[in-house]
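Visitor: Quick one, what's the 3D model for this:
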Amino acid sequence: MATQLPTMGQWYQDIAINRLFEIIGQDQYCATIDIRYEDGEIDQIDLEQWAQMSVSQADPPQDWRSLFDLSEEQRLFSDDIIMPAPGTDVLAGLEPDSLFGWDEF
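Guide: Now for the predicted structure:
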């Protein structure tokens, strides 16, 4: 049984399933805890589940930061923000609504 309160950024080991995880978020209003397992999977548990778990504090895995490194292919398809060149009119290429008959009303 987990007798300690979860701490943000702390790594724990679920003894029952022998799995490491980190506390990445807490919602006190909903009484939930967001956790990230060492393989990158994210899960959410409630405080009742936490109280039933057999956990112990653990050191982070040595290569846990490498889970978040992007490969070259992932970088190409990331959600980069594309800004138009300064001084260009991005709306200049739009046609007026009269071509679609919307101005008849």
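Visitor: quick one, helices of this protein?
Guide: All helices of the chain, identified by DSSP state H, fall at 47-52, 72-76.
Visitor: looking at those, which one has the lowest mean pLDDT?
Guide: Note on the helices of the chain: lowest mean pLDDT is at helix 72-76, with a mean of 57.
Visitor: Just give me the longest strand of the protein.
Guide: If you go by DSSP state E, the chain has its longest strand at strand 19-27.
Visitor: Give the ranges of residues in the chain that sit below the confidence cut-off.
Guide: Applying pLDDT under 70 to the chain flags residues 1-3, 63-84, 90, 93-105.
Visitor: quick one on the thing from earlier: what lies in contact with the longest strand of the chain?
Guide: Residues from elsewhere that reach strand 19-27 (CB atoms under 8 Å, 6 or more residues apart in numbering): 6-14, 32-38, 42-43, 58, 60-61, 64. Every C-beta, even on glycine, is put in place using the N, C-alpha and C of the backbone.
Visitor: and those residues, which are buried?
Guide: The neighbour-count criterion (16 or more other CB atoms under 10 Å) marks 6, 11-14, 32-36, 38, 58, 64 among those as buried.
Visitor: Among the residues you listed, which lie within strands?
Guide: 11, 12, 13, 14, 32, 33, 34, 35, 36, 58.
Visitor: Could you work out the end-to-end span of stretch 14-28 for me?
Guide: Counting by CA to CA, to the nearest Å, you get 22 Å between the two ends of stretch 14-28.
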